[in-house]
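Visitor: structure, please.
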Amino acid sequence: MIAPDNQKTNPLTSYQIVLIVLFVFIIFTIVVDYMTLPALSAILLTKLQITTKEFGFVVSAYAFSAGTSAFLATGFSDRFDRKKLLLVYYGGFLLGMLLCATANSLIALIVARIVTGAFGGVVAAIIFAIVADLFQNDQRGRVMGFVQLAFAASLVAGLPLALFLATNFNWRLTYWIFFFLGILVFSVVLFKVNPINTHLDNATKDKLLTHSMHIIRNRDYWTVFINNIFLVLGDTMYMTFGSAYSTNNLGVGLDKLPLLYGAGGLATIVLSPLIGRLSDRYGKFRLFTIGTVLAIVLVAVYSNLTAVPFWLVVVLHTLLFIGINARMIASTALATVVPEKHDRGAFMALDSSFQQVAGGVAATAAGWIVFQAADGMIHGFPSLGLTVIGVMAITIGLMYLIHRIVQRRK
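Guide: Predicted structure coming up:
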């Protein structure tokens with residue numbers, strides 16, 4: 001029988017609450033930046049006079065730059081004050097947003113996305129390392145629940161605002177608005193966050209490559225890496241063509257897409273803190289399993305639908321969002337327990353690297369499985385659904401192994 005992580009949970013301090021709020025805003029700006037570019041494709045193809053193939057290079061530039069940067073960060077991410085690292089990487093991300101706002105050609109935009117990915121792709125890893133340093137195990141589910149609010153807010157507020165600004169004013173204004181929001185958040189981190197350097201007491205003195213190889217050779221770490229790779233593969237494969245499938249196969253109008261995704265985002269905002277608290281109290285593996293089973297059922301149903309009433313699409317799509325969100329909250333909270341204190345920064349950076357690359361691979365794989373016919377219908381979605389269900393099922397076994405690793409260390 002699997003025992004809960006803890007029956008009693010430690011309350012959050014006022015300083016910890018401030019940190020959580022900052023984390024939410026930081027992740028929010030990064031997610032909005034990541035999601036905005038694909039959403040602006042129709043505008044940028046005309047404004048910058050680029051082809052769809054060239055636009056694909058722009059999108060992929062972020063993922064591969066982020067993956068490479070995160071991998072390189074494994075060698076030194078545990079050797080510095082995490083606050084300073086956060087300032088450097090978040091500052092670099094803001095520079096990338098500034099370059100996006102001023103880009104006037106294909107080359108300029110690709111360079112901007114490379115810079116944005118090189119820095120922004122590491123920020124989440126630094127934040128998760130800070131969470132592991134400053135929050136107890138029985139607090140991390142709640143923290144991840146609140147951090148997931150950033151993803152939901154990007155769907156409910158960030159992305160619609162970006163599209164409104166781009167459509168009614170100028171696409172560059174989107175980047176300017178979120179750039180200045182990021183500057184404000186950067187300033188608060190600079191002046192209000194204390195140094196985060198307790199991990200330096202046990203910092204390794206190995207050479208950079210030696211420390212990276214130490215992380216790579218750890219079997220327990222690889223269990224988490226592989227699990228998170230499969231998490232990203234399953235979720236990203238299914239979401240890549242979700243909007244095209246909804247509009248062309250299920251009869252959802254383009255004007256209703258914001259409502260469809262907004263409903264999922266709103267449900268995530270409401271339920272994320274609750275899911276986080278439940279994972280702390282009743283066990284992260286249990287919550288992960290429940291979320292995965294829910295997601296599997298919804299994928300099986302959703303991928304085999306025909307034209308149905310819009311309200312039913314909203315209900316099923318929202319439940320799928322809830323399942324995926326529960327998976328991410330529980331898995332991230334449990335995975336933060338695995339790395340040793342002096343390995344956390346490198347561990348999170350390498351994990352982020354694998355996830356970035358997995359996201360790019362997942363989108364490509366989804367494109368191989370499904371195809372669009374001349375009438376606009378998306379074919380092969382049931383096969384995609386079966387593939388995703390298989391990937392999700394594997395993560396249950398991997399998460400059980402991670403749960404056993406955590407229990408063994410206790």
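Visitor: in the protein, which spans are strands?
Guide: 371-372, 378-379 (DSSP state E).
Visitor: what's the least confident stretch among those?
Guide: Mean pLDDT is lowest for strand 371-372 among these, at a mean of 70.
Visitor: can you tell me how far Gly121 sits from Leu85?
Guide: According to C-beta to C-beta, to the nearest Å, Gly121 and Leu85 sit 13 Å apart. Bear in mind the C-beta positions are built from the backbone N, C-alpha and C, glycine included.
Visitor: can I assume Met328 is in contact with Val232?
Guide: No. At 9.7 Å, Met328 does not count as touching Val232 under the criterion of C-beta atoms under 8 Å.
Visitor: low-confidence stretches in the stretch 251-400 of the chain?
Guide: By pLDDT under 70, the weakly predicted segments of the stretch 251-400 of the chain are 254, 341-342, 344-345, 363, 372, 376.
Visitor: for the residue nearest to Ser105 when sequence neighbours are not counted, phi and psi?
Guide: If you skip the residues right next to it in sequence, Ser105 has Leu48 as its closest partner in space, 6.7 Å away by C-beta to C-beta, 6 or more residues apart in numbering. Here is the backbone geometry of Leu48 (degrees, to the nearest 10): phi -100, psi 0.
Visitor: in stretch 175-186, which residues are buried?
Guide: Residues 175-179, 181-182, 185-186 are the ones in stretch 175-186 that count as buried (16 or more other C-beta atoms under 10 Å).
Visitor: would JSON lines of these with pLDDT and distance to Thr102 be doable?
Guide: Shown next, in JSON lines, are these (pLDDT from 0 to 100; distance: C-beta to C-beta, whole Å):
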{"residue": "Tyr175", "pLDDT": "88", "distance to Thr102": "9"}
{"residue": "Trp176", "pLDDT": "91", "distance to Thr102": "9"}
{"residue": "Ile177", "pLDDT": "89", "distance to Thr102": "14"}
{"residue": "Phe178", "pLDDT": "89", "distance to Thr102": "14"}
{"residue": "Phe179", "pLDDT": "93", "distance to Thr102": "10"}
{"residue": "Leu181", "pLDDT": "92", "distance to Thr102": "17"}
{"residue": "Gly182", "pLDDT": "93", "distance to Thr102": "15"}
{"residue": "Val185", "pLDDT": "93", "distance to Thr102": "21"}
{"residue": "Phe186", "pLDDT": "95", "distance to Thr102": "19"}
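Visitor: okay, those in CSV with distance to Ala244 next?
Guide: Shown next, in CSV, are the buried residues of stretch 175-186 (distance: C-beta to C-beta, whole Å):
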residue, distance to Ala244
Tyr175, 25
Trp176, 30
Ile177, 28
Phe178, 26
Phe179, 30
Leu181, 30
Gly182, 31
Val185, 34
Phe186, 36
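Visitor: nearest to Ile324, of these?
Guide: Phe178 (24.3 Å; C-beta to C-beta).
Visitor: look up how far Ile394 lies from that closest one.
Guide: Phe178 is 36 Å from Ile394, by C-beta to C-beta.
Visitor: and for Asp235?
Guide: Counting by C-beta to C-beta - Asp235 and Ile394 are separated by 13 Å.
Visitor: kindly report the same for Ala101.
Guide: 41 Å.
Visitor: where does the stretch 1-150 of the chain dip in pLDDT?
Guide: Low-confidence segments of the stretch 1-150 of the chain (pLDDT under 70): 1-9, 38-46, 50-57, 59, 74-78, 140.
Visitor: Leu152 reaches Ser272, doesn't it?
Guide: One thing to correct before we go on: residue 152 is Ala, not Leu. Yes. Counting by C-beta under 8 Å, Ala152 touches Ser272, with 6.5 Å between them.
Visitor: any common contacting residues for those two?
Guide: The contact sets of Ala152 and Ser272 overlap at Asn325 (C-beta atoms under 8 Å, 6 or more residues apart in numbering).
Visitor: with neighbour numbers in mind, choose between Gly121 and Leu85.
Guide: Using other C-beta atoms under 10 Å, the more surrounded residue of Gly121 and Leu85 is Gly121, with 29 against 24.
Visitor: from Gly141, how far off is the more buried one?
Guide: Applying C-beta to C-beta to Gly121 and Gly141 gives a distance of 25 Å.
Visitor: repeat for Gly234
Guide: For Gly234 relative to Gly141 (C-beta to C-beta), the value is 21 Å.
Visitor: okay, those two: which has more neighbours?
Guide: For Gly234 versus Gly141, the count of surrounding residues by other C-beta under 10 Å is larger for Gly141: 31 against 27.
Visitor: which residue ranges of the stretch 51-200 of the chain form helices?
Guide: With helices called from DSSP state H, counting those that start in this stretch, the stretch 51-200 of the chain shows them at 52-73, 82-102, 106-134, 137-153, 159-168, 171-192.
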